[in-house]
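Asker: just coords:
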Ligand SMILES: *Cc1c(COP(=O)(O)O)cnc(C)c1O
């Protein structure tokens, strides 16, 4: 049972849809699948623009954003308060951008005022982009995208490029309404699909920047994907069987509806957090900025690797560990994508049993706290 922040669980209907012989990707039959999934992706991303599907993981979508809409030497601000923010700094530097890092400690949200200050000081409009990780999966912090975006809009020139890898599909991101320029996400997170596909959408403003951008690109040249999408096609051989799965997964999501999907993730986040508190385990992200996709826990008095090992070996539940300097100090419970109240309750009760087995004296019951929250809907 995958309770990690990706790969996430995949419904059986989706798995079965993929268990077929591939079909030709230039056939009329496949073209119809592209047309339908593209429409449903637009619905999910709340945009009228194409959502382009790449045969890449989430990282590939942010690399694509950088090389398609920017040029070497461009000044960019990268928000960094975790592993993924740090990765976008590395990519931007690898392509010779002039990177200015606005950082916060791991576990602390980015301060939108820090970004505002930098943007306001840039009176000759040299900053070409602000790159933000919305849900920082390494820490469970949800950065305040809406406020940061308002500051970017006030600047006027800079694009906002968003890693929405674990927030798209778990949190309301009205892409067109907020005027977000570039959004990247990945199939193995909120999409109820296996790994293998990355999704990118770009605003008209970003496409205008594309015309002037000079970084070299070929396979990840988004212009090619856009042109192909206009004709319900793809520039290169797409992961055909993943498209079969995506067709079913997106139908399921449409049936549930955006509001219910977001409410379910909020409910699971709050149930998980209430349970951790009841069990006497310290949460890493503050309540005000907690990711709807992942709950990070930094227990002071219990061995996290022992928790993970008992959860895995006795209950067959996979929890993620901490990354980098939080290795051995943190465990992370994913509740993203195809996750039900039953799954959350099951993971919490297994965690409670694990703590009992370890002799940890919990001040309260996690199951009680979680079920109280889940009952409220
Ligand atoms: C998973 C993830 C990514 C992408 O990682 P890949 O391994 O390239 O799919 C990017 N950002 C965040 C916040 C993630 O959680």
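Answerer: The structure has been received and is ready for your questions. Bear in mind that the values here come from a model prediction, so they are computed numbers and not experimental data. Residues are numbered from 1 along each chain as shown.
Asker: what residues are up against residue 162?
Answerer: The neighbours of residue 162, taking C-beta atoms under 8 Å, 6 or more residues apart in numbering as the test, are 131, 132, 133, 134, 145, 173, 180, 182, 183, 184. Any C-beta I mention is one placed from the backbone N, CA and C, and that applies to glycine too.
Asker: you'd agree it is in a helix?
Answerer: No. Per DSSP: H, G, I helix; E, B strand; the rest coil, residue 162 lies outside any helix segment and is strand.
Asker: bridged to it, which residues?
Answerer: Following DSSP bridges, residue 162 is listed with bridge partners residue 132, residue 183.
Asker: mind checking how far it is from the ligand?
Answerer: 10 Å (C-beta to the nearest ligand atom, to the nearest Å).
Asker: do residue 125 as well
Answerer: Residue 125 is 28 Å from the ligand, by C-beta to the nearest ligand atom.
Asker: skipping adjacent residues, who's closest to that residue in space?
Answerer: Leaving aside its chain neighbours, residue 125 sits nearest to residue 157 (4.1 Å; criterion: C-beta to C-beta, 6 or more residues apart in numbering).
Asker: can you tell me the SS state at that neighbour?
Answerer: Using three-state DSSP, the structure places residue 157 in coil.
Asker: contact partners for whichever residue of the stretch 101-250 of the chain sits closest to the ligand?
Answerer: In the stretch 101-250 of the chain, the residue that lies nearest the ligand is residue 137 (3.2 Å; C-beta to the nearest ligand atom). Residue 137 sits next to 5, 6, 82, 83, 84, 165, 166, 291, 293, 294, 332 when contact means C-beta under 8 Å, 6+ apart.
Asker: swap in residue 329?
Answerer: The contact partners of residue 329, by C-beta under 8 Å, 6+ apart, come to 298, 304, 322.
Asker: 6 Å instead?
Answerer: 298, 322 (C-beta atoms under 6 Å, 6 or more residues apart in numbering).
Asker: with the ligand as the reference, measure out to it.
Answerer: 19 Å.
Asker: and the pLDDT for that residue?
Answerer: Looking at residue 329, its pLDDT stands at 98.
Asker: helix, strand or coil for it?
Answerer: Reduced to three states with three-state DSSP, the structure at residue 329 is coil.
Asker: quick one: name the residues of the stretch 151-300 of the chain near the ligand.
Answerer: 163, 165, 166, 186, 189 (C-beta under 6 Å from any ligand atom).
Asker: try it again at 5 Å.
Answerer: 163, 165, 166, 186 (C-beta under 5 Å from any ligand atom).
Asker: take the residues you listed and keep only those in strands.
Answerer: Within these, residues falling in strands by DSSP state E are 163, 186.
Asker: mind putting the residues of the stretch 151-300 of the chain next to the ligand into TSV with pLDDT and neighbour count?
Answerer: As requested, these are exported to TSV (pLDDT from 0 to 100; neighbours: other C-beta atoms under 10 Å):
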residue	pLDDT	neighbour count
163	98	30
165	98	29
166	98	31
186	98	28
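Asker: of the contacts of residue 162, just the buried ones, PyMOL syntax please.
Answerer: Listed next is the PyMOL selection for buried residues among the contacts of residue 162, using 16 or more other C-beta atoms under 10 Å:
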select buried, resi 131+132+133+134+145+173+180+182+183+184
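Asker: list the contacts for the residue of the chain found nearest the ligand?
Answerer: When scored by C-beta to the nearest ligand atom, the chain has residue 58 as its residue closest to the ligand, at 2.7 Å. By C-beta under 6 Å, 6+ apart, the residues touching residue 58 are 165, 186, 198.
Asker: excluding its backbone neighbours, what's nearest it?
Answerer: Using C-beta to C-beta, 6+ apart, the nearest residue to residue 58 is residue 186, at 3.2 Å.
Asker: gap between the one you found and residue 192?
Answerer: The gap separating residue 186 from residue 192 is 12 Å, by C-beta to C-beta, to the nearest Å.
Asker: could you do residue 21 as well?
Answerer: Taking C-beta to C-beta, one finds residue 21 at 23 Å from residue 192.
Asker: these two: which is more packed in?
Answerer: In this view residue 21 and residue 192 are compared by other C-beta atoms under 10 Å, and residue 192 has more residues nearby, 25 against 6.
Asker: which ones are touching the more buried one?
Answerer: Contact analysis of residue 192 by C-beta under 6 Å, 6+ apart lists 10, 11, 249, 337, 338.
Asker: ok, now residue 193?
Answerer: Residue 193 sits next to 187, 245, 246, 249 when contact means C-beta under 6 Å, 6+ apart.
Asker: hmm, try it at 10 Å
Answerer: By C-beta atoms under 10 Å, 6 or more residues apart in numbering, the contact list for residue 193 reads 7-8, 10-11, 14-15, 18, 186-187, 239, 242-243, 245-246, 248-250, 337-338.
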